[in-house]
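Trainee: Quick one, structure for this:
(chains A and B)
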2 protein chains.
Amino acid sequence: MQNNVAVGLLGVGVVGSGVINLIEKHQEKLAHQLGCGVYVKSALVRNPDKARDIGADMNGTQLTADPDAVLGDPEIDVVVEVMGGIEEAREAILKAFAAKKHVVTANKDLVALHGGELHEAAERNKCDLYYEASVAGGIPILRGITDGFASDHIEQLMGIVNGTTNYIMTKMSQEGLSYEAALKQAQERGFAEADPASDVEGLDAARKMAILGRLAFSTYINLEDVEVTGIKDVDPKDLEYGDSLGLTMKLIGFADFDGTQVEINVQPALISKDHPLAGVKNEYNAVYVYGEAVGEAMFYGAGAGSMPTAAAVMSDVVAVIKNMHRGVTGSQFVEPRFEKQLKEPEQRVGEYYLRFHAKDEAGVFSRISSLFNDLDISFKQILQNPLEEDDTAEIVVITHKTSLKNMQNALEQLEHLNQVQAIKSFYKVEGDADA
Amino acid sequence: MQNNVAVGLLGVGVVGSGVINLIEKHQEKLAHQLGCGVYVKSALVRNPDKARDIGADMNGTQLTADPDAVLGDPEIDVVVEVMGGIEEAREAILKAFAAKKHVVTANKDLVALHGGELHEAAERNKCDLYYEASVAGGIPILRGITDGFASDHIEQLMGIVNGTTNYIMTKMSQEGLSYEAALKQAQERGFAEADPASDVEGLDAARKMAILGRLAFSTYINLEDVEVTGIKDVDPKDLEYGDSLGLTMKLIGFADFDGTQVEINVQPALISKDHPLAGVKNEYNAVYVYGEAVGEAMFYGAGAGSMPTAAAVMSDVVAVIKNMHRGVTGSQFVEPRFEKQLKEPEQRVGEYYLRFHAKDEAGVFSRISSLFNDLDISFKQILQNPLEEDDTAEIVVITHKTSLKNMQNALEQLEHLNQVQAIKSFYKVEGDADA
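Mentor: Okay, the predicted model is just below:
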């Protein structure tokens, strides 16, 4: 039997409370796997005197408002950072490494922004750094990618990695709600924050995609490399048209690597109802991985919440303690293999959905068709409906595969066409059978 | 840079060829991760002189018909067993351990039958034994369960773990084919063997469930503990009724552990179309895991095939080589925590689907209802259709939750009821929202 391992907790909020609960509840399982006990010796909080009910016995955990009481305690081997925020958390983690403590964090913002620096500090100090909980909560996706696909080449990732936006889009699509009404419902049911900006603008998803892309493609992706479009301007009309064309709209994090160049973005996209991601509803998350050898794979589960996130944190704590016992901490790092090169619009290929209004008169569609034809863009599906306004038709087209550059050219030319009154919306279409 | 690692291959069939291909193709990625090269030094085959085109350069791999040329070669550190079968493979693996070689196997039949013995031999010799490819091909499900859920309590597993039967059931359900026609189509498209017995009788799925159940519940489950019903007697009529009631039929491997007792079986079952497993189509596999902390999670992907299975084998080879370099081989074993206790029918609770024929006359349904009522079984859904035969009605009911024992009693009493002409089918219903 090894000595019991003391954990220091930074933050006792939603996730921190979950960690204390899990450690208390599964003492026996942990001891069985690890050959030692695990306990939370001290925890950093803003106000140690505040009464708190975390649903578990604190088992003697010391609460403190002084980071050094945790980071300077030589008995603590593993620091669990679940306080959130950037600068304070970064400093605390760097201090932990300097004190030769291993770190487990759930902080996607921090890892997305400063992952490289943190990895270097960990490696320099022969410490472990794990952050499974930072992407898709309870789904063991980072392990899945790094260990499960160790000898495969990951060509593509698509992720529904933000529960708030997936809840909103599910309600818009299933119940025909407007964006505003669906957001309100999400807030009432606890799936959206009072200030939902970072979720609905796609920033939260972008951070997770940066982390996923780095690990999947072995290249250092910065947060600013991820092109982001949020869901605030999504018009229920496009969900309706999508539905009639066999497509569902989701906020999709997309990342693709052809061996040389990377494309990475987060945007609302229409996805075939036959695609495994299309069935991912409400607050659930999923990451779809296309590996050269493995083909299609998908990991599905709860992307947030106290207990799922705490379970992911604890899976990392278990990994760290196993490494400690084997004397192999600090050995999980693999330098990125590739220099990053982002794809230009010329190289970004996809199918596209386009909705626009045009004059409802003879010869218009033929004029528009020849515009696309001249750019070598062909149509897969076309819908044309007369609108109530006089002489106006609403036209929806889905293209065959073409480059984004080509589509941008088409959009520009369409805008200058006399017969076209307004371009209403433009989305990528995912999940074609021949992807 | 470490020394290159020599792998010995037992079998160059579908999976073995995939392993040679992957090692050739991803030399660079492997070297980058491992700090050493990996090569297949020799391979056991029935006939070394047979001309073979495996789609890759053999790179000097020696072919031999003599197992000892592989197992007795002191340069070989890792033996990959992909020959299949039981006795020969078992002996070869035990010999490999005796010679202090690590073993990676894709052999579910062997691991399901002799997993305990193989684990003991590996541990005794401080060797690694990994078998990710034995369950659900390319899906990293064993790692997901053991590492990802390390501090969680897994309450339930449901798996679609046999691609042949899932293909057949998908075709029966989507195209209304009979079992025989769907099997024929599966055979023509390479998704079913000429002799499909072990797939369609559920034995292949049972082997995988035994392996999954052991790892998930930390208790030693024997193959004979898994109750098995195949799909040969599935009547398309029940798929139709299921469809009209919002249910899809799948061959489901079910395993449940309440902390004390285990239920484990493989049987065709009706599952709510809202359940993530319901969307798993054709030859795809998926394992759904319900963890106390994590809640719902699902792992989806290709359950078979040369390259997906080879990728899973290679993820194990990478893990073994990392362990070798860190000097921690033979340390992944954890003794089962629990004595096995199987649930009795009294303790097996579920919802059930029942179809039977009864006389179409006044008072019959009331008589039947009171039979169920006396047993405390209540109905969730009822369908009654007159049949073309005179005076006969076809009745379909779905019950609320009740014990299997209760349902068995109900079936027995129904059979003795004058008004009931025939009990046509009886299935478990999975995926209730309040599960």
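
Trainee: rest of the way, CA atoms for contacts and neighbours
Mentor: Noted.

Trainee: Can you give the strand pairings for the helix or strand in which A:E351 is found, parallel or anti for each?
Mentor: A:E351 is located in strand A:349-359, with elements delineated by DSSP states H and E. The strands beside strand A:349-359 in its sheet (DSSP bridges) come out as strand A:392-399 (antiparallel), strand A:402-403 (antiparallel), strand A:420-430 (antiparallel).

Trainee: how much space between A:I221 and A:R90?
Mentor: According to CA to CA, to the nearest Å, A:I221 and A:R90 sit 19 Å apart.

Trainee: of these two, who's got more company?
Mentor: When neighbours are counted by other CA atoms under 10 Å in any protein chain shown, A:I221 and A:R90 differ, and A:I221 comes out ahead with 27 against 20.

Trainee: pretty sure that one contacts A:L212?
Mentor: No. If you go by CA atoms under 8 Å, A:I221 and A:L212 don't touch, sitting 9.3 Å apart.

Trainee: What pLDDT does the model give the nearest residue to A:S403 once chain neighbours are set aside?
Mentor: In space, and not counting its chain neighbours, A:S403 is closest to A:V349: 4.3 Å by CA to CA, 6 or more residues apart in numbering or on different chains. Taken from the predicted model, the pLDDT recorded for A:V349 is 95.

Trainee: Count the neighbours of A:V349 for me.
Mentor: A count of neighbours around A:V349, defined by other CA under 10 Å, yields 18.

Trainee: what sits against it?
Mentor: Applying CA atoms under 8 Å, 6 or more residues apart in numbering or on different chains to A:V349 gives the contacts A:K401, A:T402, A:S403, A:L404.

Trainee: Helices along the stretch 101-250 of chain A, start to end?
Mentor: According to DSSP state H, counting those that start in this stretch, the stretch 101-250 of chain A carries its helices in the segments A:108-124, A:141-143, A:163-175, A:179-188, A:197-200, A:203-217, A:236-244.

Trainee: contacts for the shortest one?
Mentor: So that's helix A:141-143. Taking contacts as CA under 8 Å, 6+ apart, the residues outside helix A:141-143 that touch it are A:E132, A:V135, A:L212, A:L215, A:V287, A:F299, B:G144, B:G148.

Trainee: Repeat the analysis, applying 10 Å as the threshold.
Mentor: A:130-136, A:147-150, A:211-212, A:215-216, A:286-289, A:298-301, A:312, A:316, B:140, B:143-144, B:147-148, B:299 (CA atoms under 10 Å, 6 or more residues apart in numbering or on different chains).

Trainee: Same question for the fourth one.
Mentor: Contacts of helix A:179-188 with the rest of the structure, by CA under 10 Å, 6+ apart, involve A:163-173, A:175-178, A:189-196, A:200, A:231-236, A:282-283.

Trainee: Confirm A:F254 sits in a strand?
Mentor: Yes. Judged by DSSP: H, G, I helix; E, B strand; the rest coil, A:F254 forms part of a strand.

Trainee: do you know how far it is from A:Q267?
Mentor: Here the distance between A:F254 and A:Q267 works out to 8 Å (CA to CA).

Trainee: Which one's more surrounded, those two?
Mentor: More neighbours sit around A:F254 than around the other of A:F254 and A:Q267, counting by other CA under 10 Å; the figures are 24 against 21.

Trainee: wait, the more buried one sits on A:E263?
Mentor: Yes. The criterion here is CA atoms under 10 Å, and A:F254 meets it with A:E263 at 7.7 Å.

Trainee: where do the contact lists of these two overlap?
Mentor: Residues within reach of A:F254 and of A:E263 at once, by CA under 10 Å, 6+ apart, are A:Q156, A:G213, A:V226, A:E227.

Trainee: and for A:F254 and A:Q267, which residues touch both?
Mentor: Taking CA under 10 Å, 6+ apart as the contact criterion, the residues that touch both A:F254 and A:Q267 are A:A206, A:E227.

Trainee: quick one: which of the contacts of A:V349 is nearest to B:V80?
Mentor: Each of the contacts of A:V349 was checked against B:V80 using CA to CA; the closest is A:K401, at 41.7 Å.

Trainee: my guess is A:D238 contacts A:E394, does it?
Mentor: No. The pair A:D238 and A:E394 does not pass the contact test of CA under 10 Å, sitting 11.6 Å apart.

Trainee: Mind listing the shared neighbours of these two?
Mentor: Between them, A:D238 and A:E394 share the contacting residues A:R355, A:K424, judged by CA under 10 Å, 6+ apart.

Trainee: in chain A, which ranges drop under the pLDDT threshold?
Mentor: Using pLDDT under 70 as the threshold, the predicted model of chain A has low-confidence ranges A:1, A:432-435.

Trainee: can you give me the angle the top helix by length along it makes with helix B:306-326?
Mentor: Taking DSSP state H as the criterion, chain A has its longest helix at helix A:306-326. With axes from the mean of the first three to the mean of the last three CA atoms, to 10 degrees applied, the angle from helix A:306-326 to helix B:306-326 works out at 50 degrees.

Trainee: buried ones in helix A:306-326?
Mentor: By neighbour count on 16 or more other CA atoms under 10 Å in any protein chain shown, the buried set for helix A:306-326 is A:306-324.

Trainee: next one: that helix to chain centre, how far?
Mentor: Centroid separation for helix A:306-326 versus its chain: 21 Å, with CA atoms, centre = their mean, to the nearest Å.

Trainee: Any part of it near chain B?
Mentor: Yes. Contact of helix A:306-326 with chain B (CA under 10 Å from any CA of the partner chain) involves A:306-319, A:322-323, A:325-326.

Trainee: Also stretch A:48-64?
Mentor: No. Using CA under 10 Å from any CA, stretch A:48-64 never reaches chain B; the gap is at least 13.8 Å.

Trainee: Quick one: end-to-end length of that stretch, please.
Mentor: Counting by CA to CA, the length from the leading to the trailing residue of stretch A:48-64 is 6 Å.

Trainee: Flag every residue of the stretch 151-300 of chain A that's near chain B.
Mentor: A:151-153, A:218, A:274-276, A:278-281, A:284-300.

Trainee: Can you flag the buried ones in these?
Mentor: The neighbour count (16+ other CA under 10 Å) marks A:151-153, A:218, A:274-276, A:278-281, A:284-300 as buried among these.

Trainee: who touches A:L30 in this structure?
Mentor: Contact partners of A:L30, counting by CA under 10 Å, 6+ apart, are A:L22, A:I23, A:E24, A:C36, A:G37, A:V38, A:M314, A:V318, B:A150, B:S151, B:D152.

Trainee: same question but for A:H102, I mixed them up
Mentor: Contacts here follow CA under 10 Å, 6+ apart; on that basis A:H102 touches A:7, A:76-80, A:93, A:96, A:122, A:125-130, A:317, A:320-321, A:324, A:329-330.

Trainee: Just the ones in strands from those residues, please.
Mentor: Taking DSSP state E, the ones among the contacts of A:H102 that sit in strands are A:V7, A:I76, A:D77, A:V78, A:V79, A:V80, A:L129, A:Y130.

Trainee: Kindly format the C-alpha coordinates of stretch A:65-76 as CSV.
Mentor: Taking C-alpha atoms only, stretch A:65-76 is exported to CSV below (Å, rounded to 0.1, in the frame of the first residue of the first chain):
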residue,chain,number,x,y,z
ALA,A,65,-8.2,32.3,0.7
ASP,A,66,-4.4,32.1,0.3
PRO,A,67,-3.1,30.4,-2.8
ASP,A,68,0.2,29.7,-1.2
ALA,A,69,-1.4,27.7,1.5
VAL,A,70,-2.2,25.2,-1.2
LEU,A,71,0.7,25.8,-3.7
GLY,A,72,3.3,26.0,-0.9
ASP,A,73,2.2,22.9,1.0
PRO,A,74,4.9,20.2,0.5
GLU,A,75,2.5,17.4,1.3
ILE,A,76,0.3,18.2,-1.7
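
Trainee: buried set for that stretch?
Mentor: Of the residues in stretch A:65-76, those scored as buried under the neighbour-count criterion (16+ other CA under 10 Å) are A:A65, A:P67, A:A69, A:V70, A:L71, A:D73, A:I76.
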